[in-house]
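Chemist: Just a sequence and a predicted model for now, questions to come.
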Amino acid sequence: MVFLANIRVYELANQLGIKSKELIEELKKQGVIVKTHSSSLDEETALLIKAILTSPKKKEPTPQPVEEKVPPAEVKIVPEKKVEEKVIESKVVKPDEIKEKEKIKIGEAITIKELSEKINIPAKEIIKKLMGIGVMTTVNQVIDSKSAISVAKDFGIEVEVISKVEEISAEEEEKEGLIPRPPIVTIMGHVDHGKTSLLDAIRQTNVAAKESGEITQHIGAYEVDVDKGKIVFLDTPGHEAFTAMRARGTKVTDIVVLVVAADDGVMPQTIEAINHAEAAGGVPIIVAINKIDKPNANPDKVRQELAKLNPHLLPEEWGGKTIYVNVSAKKKIGIEELLEMIILQAEIMELKANPLKPAKGIVVESKLDRGRGPVVTVLIQKGTLKVGDPFVAGQYFGRVRALINDRGIKVKEAAPSIPVEVLGLSGVPQAGDSFQVVPDEKSARQIALLRSQKRREEGLGIKMRVTLEGLYKQINEGVVKELNIIIKADVHGSIQALVDSFEKLGTKDVKIKIIHGAVGGITETDVMLAAASNAIIIGFNVKPTDKASEVAEKEQVELKLYSIIYNTIAVVKAAMEGMLEPTLVEKVMGKAEVRQLFAIPKMGVIAGCFVLDGVIQRNADAKLIRDSVIVYQGKIGSLRRFKEDVKEVQAGYECGIGIEKFQDVKIGDIIEPFFLDKIAKKL
């Protein structure tokens, strides 16, 4: 018998020569529910499925001869249809040509000179129109598509932006030309849990024997060949690069491999790695329990700790969805199984890309080399990058002068998911910037100029970080009512106390979210996570490292350090109260009684008053009250004492009051100035 008493879904799929996903769908049709490709099937079910899937293949050859007979009958009709189609096409072409003449197509950026040539209007007139909307330009200056559209509209000309149309058409076409691409994997975990040794073990077992001795790492990403395809690993220094990219809004990783030592269990950086992966937006996690060769190794304890820490990390064998693999990097145990599980996870995710499109990617690393100039490591996400392609990377442009792979060998092209070093840039972009191939160098230069111009303009208005002092102001400007906090403390007890206290402060109006809590000083990684999540860092009896303080200042992340727990809670409570919409309360400034009326030319009726209480101020809002009824509400336009204009008059003095746009004042009326005071709500 081929099948064992129990067989996994992916093993059965391999035997049948089909994909795991197809087998799962077939099992669902037959009423057999399985959670993942690692679920087990009994012998009876396996034999039944094998019988169902192999029997239809015998019937397949019969319809083929029938299909072969049909074409000769259809051949006679085809030429007639072709003629009809040609006639229809020739009629349709004419209205399309007219439409093209009506609309003028422009790119993402355009110079004033080019725009004037396209719309047949002098550059001087365009500059005048732009000055009218507050944009100061010269003939050779680049403007964005929005400004170009608004100017063209003023002259009654319709403008269409090509880039947007191209993006939409590219998305539609991509559905047809998609082929599977290798998964991009990031390995994360605690410091001494064997991340580097696991990476080395993977490379030593899969890299060609040419690289003897120590592993030579040319770039921050490399590819590994497996029986069923390729896997691309991102070699990140801890979690910094992972978070730095997410802070700039890019998603690079497809799968995260979380390395946990079997003899050590869950540690602070393990929790940190889980928080980083979850904050990246549901990236699948595969847990690699390392060091199983050690005598005190306890893989089941690690499973229990992780399942208790996060319900999403419940192992598959316990009814969850997370794949766990026992490995030993030192003795090369379980490496092949880990790679197989990564490939299976990628197969379920259906990672695909179109290699025939212009290349799009992400800048993983960038540096300025003395001999080679600006060098960037790019991870291609879509299309194929070739030598000679013009491109834009962030606010810089260039033409691909050379491509170097992870082994340090020059290559002519790079397909989707393949990491390469690119030479030929005009500057050094940031990690996480987009990399895009464009039609020609001219458009690349224009887009780069526009982006650098925008960055310069936005330099002063960098994304506002949350600060406890500025929360109230930011809420008034429309920022979301959620306060993200990272807690670092000297002991676990303090963290738990702070988390419990902060959670109690949250209401339906104001949400409070603890995105990370750990023991130890504030590190650079904490600051980068705060920058990515727009959070504040609260340190309790701990200090930030010098590097963390520098990065916090650069990224504008607020660090708050406390030593008394009650002060910490009180400050956060006060900040949250500032987040609540304030209530407007009317406060009376004073009262003045009208005792005489004076009609003055050009000024109208002036009320001679005696100030009964408080103070009367010029330009203050005021109510005119007659028999306890508000007759009019307006502003105090003029305020005089004798013949002199004054700013205010105190209680016990006489004065002349003129109310703006109101003349029907009578003796005995009360004039009551007031102001609106914003009072913060209490939790």
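Modeler: Good, I have the coordinates. None of the values given here were measured: they were computed from a predicted structure.

Chemist: Mind listing what's buried along stretch 290-303?
Modeler: 290-293, 297-299, 302-303 (16 or more other C-beta atoms under 10 Å). Glycine gets a C-beta too; all of them are placed from N, C-alpha and C.

Chemist: same thing with stretch 391-408?
Modeler: Buried, per 16+ other C-beta under 10 Å, within stretch 391-408: 391-400, 403-406.

Chemist: circling back: output the buried residues of stretch 290-303 in JSON lines, with secondary structure, distance to residue 533 and pLDDT appended to each entry.
Modeler: Formatted as JSON lines, the buried residues of stretch 290-303 follow (DSSP: H, G, I helix; E, B strand; the rest coil; distance: C-beta to C-beta, whole Å; pLDDT from 0 to 100):
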{"residue": "290", "secondary structure": "strand", "distance to residue 533": "28", "pLDDT": "88"}
{"residue": "291", "secondary structure": "coil", "distance to residue 533": "32", "pLDDT": "87"}
{"residue": "292", "secondary structure": "coil", "distance to residue 533": "34", "pLDDT": "89"}
{"residue": "293", "secondary structure": "coil", "distance to residue 533": "38", "pLDDT": "86"}
{"residue": "297", "secondary structure": "coil", "distance to residue 533": "35", "pLDDT": "85"}
{"residue": "298", "secondary structure": "coil", "distance to residue 533": "33", "pLDDT": "87"}
{"residue": "299", "secondary structure": "helix", "distance to residue 533": "32", "pLDDT": "88"}
{"residue": "302", "secondary structure": "helix", "distance to residue 533": "27", "pLDDT": "88"}
{"residue": "303", "secondary structure": "helix", "distance to residue 533": "28", "pLDDT": "89"}
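
Chemist: now for those residues, which pair is the farthest apart?
Modeler: 293 and 303 (17.8 Å; C-beta to C-beta).

Chemist: May I have the phi/psi pair for residue 383?
Modeler: For residue 383, the backbone dihedrals (degrees, to the nearest 10) come out as phi 70, psi -170.

Chemist: And the contacts of stretch 516-523?
Modeler: 268, 271-272, 275, 486-492, 495, 498-499, 526, 529, 537, 539, 542-545, 547-548, 559 (C-beta atoms under 8 Å, 6 or more residues apart in numbering).

Chemist: can you rerun that using 6 Å?
Modeler: Contact partners of stretch 516-523, identified using C-beta atoms under 6 Å, 6 or more residues apart in numbering, comprise 268, 275, 486-488, 492, 495, 537, 539, 542-545, 548.

Chemist: So which of these sits lowest on pLDDT?
Modeler: Here the lowest pLDDT out of the contacts of stretch 516-523 sits on residue 492, with 69.

Chemist: distance of residue 357 from residue 177?
Modeler: Distance, residue 357 to residue 177, by C-beta to C-beta, to the nearest Å: 8 Å.

Chemist: Which one of these two is surrounded by more residues?
Modeler: Taking neighbours as other C-beta atoms under 10 Å, residue 357 and residue 177 compare with residue 357 leading, 16 against 12.

Chemist: ok, the closest residue to the more buried one other than its chain neighbours to residue 294 distance?
Modeler: Nearest residue to residue 357 in three dimensions, chain neighbours excluded: residue 383, at 3.9 Å (C-beta to C-beta, 6 or more residues apart in numbering). Residue 383 sits 46 Å away from residue 294, going by C-beta to C-beta.

Chemist: ok, now residue 507?
Modeler: 49 Å.

Chemist: Check residue 598 too.
Modeler: 100 Å.

Chemist: what about the residue nearest to residue 357, neighbour count?
Modeler: Neighbour count for residue 383, taken as other C-beta under 10 Å: 23.

Chemist: Quick check: it touching residue 358?
Modeler: Yes - using C-beta atoms under 6 Å, residue 383 makes contact with residue 358 at a distance of 5.1 Å.

Chemist: Backbone dihedrals for the closest residue to residue 123 other than its chain neighbours, both of them.
Modeler: Ranked by C-beta to C-beta, 6+ apart and with sequence neighbours excluded, the top spatial neighbour of residue 123 is residue 116, at 4.2 Å. Backbone torsions for residue 116, taken as degrees, to the nearest 10, come to phi -60, psi -40.

Chemist: ok, back up a step: show me the buried residues of stretch 391-408 that map onto strands.
Modeler: Among the buried residues of stretch 391-408, DSSP state E puts 391-393, 396-400, 403-404 in strands.

Chemist: circling back: and which of the contacts of stretch 516-523 is nearest to residue 52?
Modeler: residue 275 (44.6 Å).

Chemist: quick one: which helix or strand includes the closest one?
Modeler: For residue 275, the element it lies in under DSSP states H and E is helix 268-279.

Chemist: For that helix, what is the distance to the chain centroid?
Modeler: Put simply, helix 268-279 sits 17 Å off its chain's centre (C-alpha atoms, centre = their mean, to the nearest Å).

Chemist: All set, thanks.
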